[in-house]
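Trainee: Here is a sequence together with a model predicted from it:
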Amino acid sequence: MKKTTVCLWVLGLLAACTSPDAEDRSLKPNIILLLVDDMGYGDLSCYGGQAVHTPNIDKLADAGVRYTRFYSASGVCTPSRAAILTGKYPLRFNIRQHFTDQGENLPAGIETLPKILKKAGYATAHIGKWHLGGLRTEDFEARRDGLEADPGPLQHGFDHSLTSIEGAPPRPHLIRERKLYRDGGKYMIRNDQRAPEDSNHWTDIKVNEAITLLEVWKENKQAFFLNLWFDVPHTPYEPAPEPHLSMYADMGASGDQLYFRSMVSNLDENIGRLITKLKELNLYENTLILFTSDNGAAWEGEVGPFKGGKTDLHEGGIRVPFIAVWPDKIHENQVSFQRGHHTDILPTICEAVHADYEESIDGMSLLPNLCNGEEVDRGLILWQMDLYRSLQRHYEKPLPYATNIAYNGPWKLLLDSITPIELFHLENDPHEVMNLLDKYPEIVNKLREETILFMSEPRNQ
């Protein structure tokens, strides 16, 4: 990116962020949400992973609390992203599978986390993968010409965004040629305008952008919400910059596993860069940092000790890492067995910053657990995902196939639509080995009734 171009958009941010009550806003806690793509429960060292050394993410876990029973809202990415930004189950928007870049989108006009935080005085920015619609070339061109277009990050409440073009022709080509990360900087969109090409690795570019924003917000004493969504370690598996590739090649890794490890290692280094900058700017102490994944592990990742993987509703497909850091508010070196879910992120952040939301949501605030270790009665959690017959792993998808879950207390009921197929007591059987469907008919019937009600409720199309 040319230096003059950087200066222009930074000056624009400075002008946009300056406000009479900037000093008061600086007292609000900042928020950083780090979302990774297809990272399994067992991929990080702090979760028992042995393939990749992740010292910077491990330090985050040491600085706060690490959850062992946190769940994505789906076994694939788009539904989870919708749940994070709205606090609602993705089925509320009839989002039942990943978007195909053919015009699907998160509906316009709904209440989202960035809209809520803007009302509370926050600067908001989205950087990285979006996958909620509105980022095709035709969408940008329509908005430029004042025509109707699918909503993207700016239309859903972000003041600033840097993304790639999500649609044809660039994205299919980049994925097919395995150049999404190495050439992703050639197809970027900043604030609905084509951004200058950047030859850096796509993961590095995102953190470079984030660091520039941090400096601007610090200059303006502006409280901020940074929504930093990485593509890593989603396919295509590509060699990450050195020294990460050589380090794992020297350990004997090869092929896609070598590329996967280098990508995760590079991600970890970049998260370390981000945290270092926070500390240099004296922003770290007043920032709530959340880290999680959109679903369980795909091909080269690790699901830990669990069954299934991406595209599946067994634990390997939906139990994901979740780390929360907030110096002086969240105690260090904590491990929580509290159940949590992607829909809980919105109400947790809102309670932390004293922001109000108007619409009814499905999530619950986990702040009492994060800060005081108090158990939150999470109650019933529901899932729906259209059937994917293939498992994105190097083994077959477990049978029978499930499209729904009703999970309450220790009991997890998997269903094919509204037909119960498996019941597990997760506290006794987290590996989902013993199907208790025939032994507890009352529990099965109760959870089935909850699923029927859920499936029949009206949706925001």
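Mentor: That came through, no problem.
Trainee: I'd assumed residue 360 was in a helix, is it?
Mentor: No: assignment of residue 360 by DSSP: H, G, I helix; E, B strand; the rest coil gives coil, placing it outside any helix.
Trainee: That one - how many residues pack around it?
Mentor: 9 (other Cβ atoms under 10 Å). (Glycine included, C-beta is placed from N, CA and C.)
Trainee: Likewise for residue 335?
Mentor: A total of 10 residues lie near residue 335 under the criterion other Cβ under 10 Å.
Trainee: The least confident helix or strand in the chain by mean pLDDT: what's the following helix or strand?
Mentor: Using mean pLDDT, DSSP states H and E, helix 22-25 stands out as the lowest-scoring helix or strand of the chain, at a mean of 46. Downstream of helix 22-25, the first helix or strand assigned by DSSP states H and E is strand 30-36.
Trainee: elements contacting that following strand?
Mentor: Contacts defined by 3 or more Cβ pairs under 8 Å, 6 or more residues apart in numbering; DSSP states H and E place strand 30-36 against helix 77-86, strand 224-229, helix 255-280, strand 287-293, helix 345-353.
Trainee: 6 Å instead, please
Mentor: strand 224-229, strand 287-293 (3 or more Cβ pairs under 6 Å, 6 or more residues apart in numbering; DSSP states H and E).
Trainee: now the longest one: mean pLDDT?
Mentor: Put plainly, it is strand 287-293. What strand 287-293 shows for mean pLDDT is 98.
Trainee: Next: the first one.
Mentor: Looking at strand 224-229 alone, the average pLDDT works out to 98.
Trainee: same thing with stretch 391-401?
Mentor: On average, stretch 391-401 scores 95.
Trainee: likewise stretch 187-199?
Mentor: Here stretch 187-199 scores 96 as its mean pLDDT.
Trainee: Now that stretch: buried residues?
Mentor: By 16 or more other Cβ atoms under 10 Å, the buried positions in stretch 187-199 come out as 187, 188, 189, 190, 191, 192, 195, 198.
Trainee: With secondary structure and distance to residue 35 added, can I get the residues you listed in JSON lines?
Mentor: Conversion of the buried residues of stretch 187-199 to JSON lines gives the following (DSSP: H, G, I helix; E, B strand; the rest coil; distance: Cβ to Cβ, whole Å):
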{"residue": "187", "secondary structure": "coil", "distance to residue 35": "21"}
{"residue": "188", "secondary structure": "strand", "distance to residue 35": "18"}
{"residue": "189", "secondary structure": "strand", "distance to residue 35": "19"}
{"residue": "190", "secondary structure": "strand", "distance to residue 35": "19"}
{"residue": "191", "secondary structure": "coil", "distance to residue 35": "20"}
{"residue": "192", "secondary structure": "coil", "distance to residue 35": "22"}
{"residue": "195", "secondary structure": "coil", "distance to residue 35": "21"}
{"residue": "198", "secondary structure": "coil", "distance to residue 35": "21"}
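Trainee: quick one: which two of those are the most distant?
Mentor: Maximum pairwise distance among the buried residues of stretch 187-199 (Cβ to Cβ): 17.6 Å, between 192 and 198.
Trainee: Quick check: residue 351 vs residue 136, distance?
Mentor: 36 Å (Cβ to Cβ, to the nearest Å).
Trainee: same question, residue 260
Mentor: 28 Å.
Trainee: now do residue 302
Mentor: Distance, residue 302 to residue 136, using Cβ to Cβ: 34 Å.
Trainee: Show me which of residue 351 and residue 136 is the more surrounded one.
Mentor: Of the pair residue 351 and residue 136, residue 136 is the one with more neighbours under other Cβ under 10 Å, namely 22 against 16.
Trainee: Identify the residue nearest that one in space, chain neighbours excluded?
Mentor: Distance criterion Cβ to Cβ, 6 or more residues apart in numbering; nearest residue to residue 136, sequence neighbours excluded, is residue 167 at 3.4 Å.
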